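*Asks:* build the 3D model from these lines:
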Amino acid sequence: MLAEIREQPTALERTLHEELRPIEDLRRRLATQKPRLVLLAARGTSDNAAQFGRYLLEITTGIPVSLAAPSIFTLYKAPVSLDGVLVAAISQSGESTDTNYVLERAREQGALTIGITNEPASTLARIAEHTFLVRAGKEKSVAATKTYTGQLLMLYLLAYALGASIDPDDLDRIPGYANVALGLENEIGARSERYRFMEKCVVIGRGLNYSNAFEFALKLMETCYVVAERFSSADLMHGPIAMVGQSFPAFLFTPSGVTWPGLRDMLEKLHQVGAETTIITDQSNKAALGMAKRSICVPADLDEMFTPIPYIIPMQLFAAHLAEQKGLNPDQPRTLSKVTRTL
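*Replies:* All right, here's what the predicted structure looks like:
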C-alpha cells in the first residue's frame, strides 16, 4: 500500500499525458452531441471517485449528473430511459459485475458509454464505446490508492471533454502537488501514533472534497478496522453531531473557497463540544490554520478546484501508518479481496 501511494505522482503524469489526446477527440465529438444527463456507475472506492465526479461535472459543465443504483438494473430489471445520456462506468479492475451490467444495458439502449479503468484487457474496456485508462500500473494492494487518484484525474479530463473551462496546463500541475503531499509522510507517520487506540471517528468534507471524506473513512475501515462515519458538514449538523463529544476524533477537509465558511462553523462547534479535531488543508487557508488544534497542511497554495488529489494522499499515508501502529497489515485486510463481484 505504501509503495503504491508513493507511485502516484508518476502514475498521474503518465495518465494525463497518454489520455489527453483521446480526450481531445471525445471533446470534439461532444461539442456537437452534448448529453442531457451524465450517469456514473461504480462501486467501492470507484464510487467515491464518482461522487467527486458528480460535483465536478455539475459545477463546471452545468450538466445534471446522477450516480447509478445498479440494483435497479440487476435486481429489479427496471427499464430506464437513457436516450441522450452519457453513461460512464468507473472500475479499477474493470470486472465489477453490476457496474458492467449497467454499462451493457446502457449501450443496448444507444447511450454514449465510457469506461474508466486501470485494466485495458478487462470486461469493462471491452463493453464501453470509449475506454480511458488510469495508467497506474498493476495495483496489488487490496486498498486502492493510486487508482483512486487516477480516477479523479480522469474525471477532470471528462469534464474538459464535456466543455468545462478547465485548462490542461492546470491539470499538469497536479502530479507536482501530489509529490509535495508525499513529502508529509514522516510527519504523518509520527502523528498516527497518537491514534493507535482509535476505534471510531467522523470524517467531514463538503463539495469537491466530500468524496475524500468517504474515501478516507473507507481506508480507515478496511485497513485499520476503525468505525469511520462520513458526513458533509451540513448533514452532520442535522442530527449526527449529537454523537460527538469530549475527545471524539474528527477529521475535516478544509480548503479555502466557498465551502470554508460552513466548515469554519463546524470546526467551531466541534471545539465547543471538546472533540479532538484534525484538519486537512493547504497553506492558502490561513484562517483554518489559525483555528486548528491539529493540522495536516499541504505546503502549497491550492485553488479549491485542485485540492482533492493532494488532500487525499496524506490521508492514505495516515491510514497505512495507522494500520502499522495497530499491528495490522494493510495489504491483507480480513475478509477482503482485490476484485469484488456483486449483483
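
*Asks:* remind me what the helix or strand of the chain with the lowest mean pLDDT packs against, helices and strands.
*Replies:* Within the chain, judged by mean pLDDT, DSSP states H and E, the helix or strand with the poorest mean is helix 233-237; its value is a mean of 88. Under the contact criterion of 3 or more Cβ pairs under 8 Å, 6 or more residues apart in numbering; DSSP states H and E, helix 233-237 touches strand 200-205, helix 260-272. C-beta: built from backbone N, CA, C; applies to glycine.

*Asks:* okay, now the unreliable bits of the stretch 101-250 of the chain?
*Replies:* For the stretch 101-250 of the chain, applying pLDDT under 70 flags no range at all.

*Asks:* what about the strands in it?
*Replies:* In the stretch 101-250 of the chain, strands defined by DSSP state E, counting those that start in this stretch lie at 112-117, 130-133, 200-205, 227-232, 249-253, listed in chain order.

*Asks:* return the most buried member of those strands.
*Replies:* The highest average neighbour count among those, using mean count of other Cβ atoms under 10 Å, belongs to strand 112-117 at a mean of 27.

*Asks:* how distant is that one from the center of its chain?
*Replies:* How far strand 112-117 lies from its chain's middle: 17 Å, per Cα atoms, centre = their mean, to the nearest Å.

*Asks:* contacting residues around that strand?
*Replies:* Residues from elsewhere that reach strand 112-117, judged by Cβ atoms under 8 Å, 6 or more residues apart in numbering: 26, 33, 35, 85-94, 103, 106-107, 124-125, 127-134, 151, 154-155, 158.

*Asks:* check these for burial and list the buried ones.
*Replies:* 26, 35, 85-94, 103, 106-107, 124-125, 127-128, 130-134, 151, 154-155, 158 (16 or more other Cβ atoms under 10 Å).

*Asks:* starting at the chain centroid, how far to stretch 83-96?
*Replies:* 16 Å.

*Asks:* let's have the chain start at 635 instead
*Replies:* That works, and once the first residue is 635, the last one we named lands at stretch 717-730.

*Asks:* ends of it, what's the gap?
*Replies:* Distance between the boundary residues of stretch 717-730 (Cα to Cα, to the nearest Å) amounts to 24 Å.

*Asks:* at which residues are the helices of the stretch 785-934 of the chain located?
*Replies:* Using DSSP state H, counting those that start in this stretch, the helices of the stretch 785-934 of the chain run over 802-805, 808-816, 819-826, 844-858, 867-871, 894-906, 920-925.

*Asks:* using TSV, please lay out these together with mean neighbour count and distance to residue 693.
*Replies:* Listed next are the helices of the stretch 785-934 of the chain as TSV, based on neighbours: other Cβ atoms under 10 Å; distance: least, Cβ to Cβ, whole Å:
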stretch	mean neighbour count	distance to residue 693
helix 802-805	13	15
helix 808-816	21	17
helix 819-826	16	29
helix 844-858	25	12
helix 867-871	18	17
helix 894-906	17	16
helix 920-925	14	21
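
*Asks:* indicate which one of the ones you listed is closest to residue 887.
*Replies:* Within the helices of the stretch 785-934 of the chain, the stretch nearest residue 887 is helix 844-858; the backing value is 5.3 Å (Cβ to Cβ).

*Asks:* what helices or strands is the closest one leaning on?
*Replies:* helix 678-695, strand 834-839, strand 861-866, strand 883-887, helix 942-959.

*Asks:* so what touches the shortest one?
*Replies:* Identification of contacts with strand 883-887 by Cβ under 8 Å, 6+ apart yields 829, 832, 834-840, 843, 846-847, 850, 867, 878, 897, 900-901, 904, 909-915, 941, 945, 949.

*Asks:* now the first one
*Replies:* Counting by Cβ under 8 Å, 6+ apart, helix 678-695 makes contact with 672, 674-676, 697-701, 722, 724-726, 730, 733, 778, 781-782, 785-786, 789-790, 792-793, 796-800, 841-842, 844-846, 848-849, 852, 942, 974, all of which sit outside it.

*Asks:* quick one, domains of this protein?
*Replies:* 636-806, 812-959 (automatic domain parsing).

*Asks:* hey, which helix is longest across the chain?
*Replies:* Scanning the chain for the helix with the most residues, using DSSP state H, yields helix 642-664.

*Asks:* packing partners for the helix or strand that that helix is followed by?
*Replies:* Going down the chain from helix 642-664, the next helix or strand is strand 671-676, by DSSP states H and E. Packing contacts for strand 671-676, counted by 3+ Cβ pairs under 8 Å, 6+ apart, involve helix 678-695, strand 699-701, strand 719-725, helix 731-742.

*Asks:* out of the helices and strands packed on helix 844-858, nearest to residue 815?
*Replies:* helix 942-959 (4.1 Å).

*Asks:* just the angle between that closest one and strand 834-839, please?
*Replies:* Interaxial angle of helix 942-959 relative to strand 834-839 (axes from the mean of the first three to the mean of the last three Cα atoms, to 10 degrees): 170 degrees.
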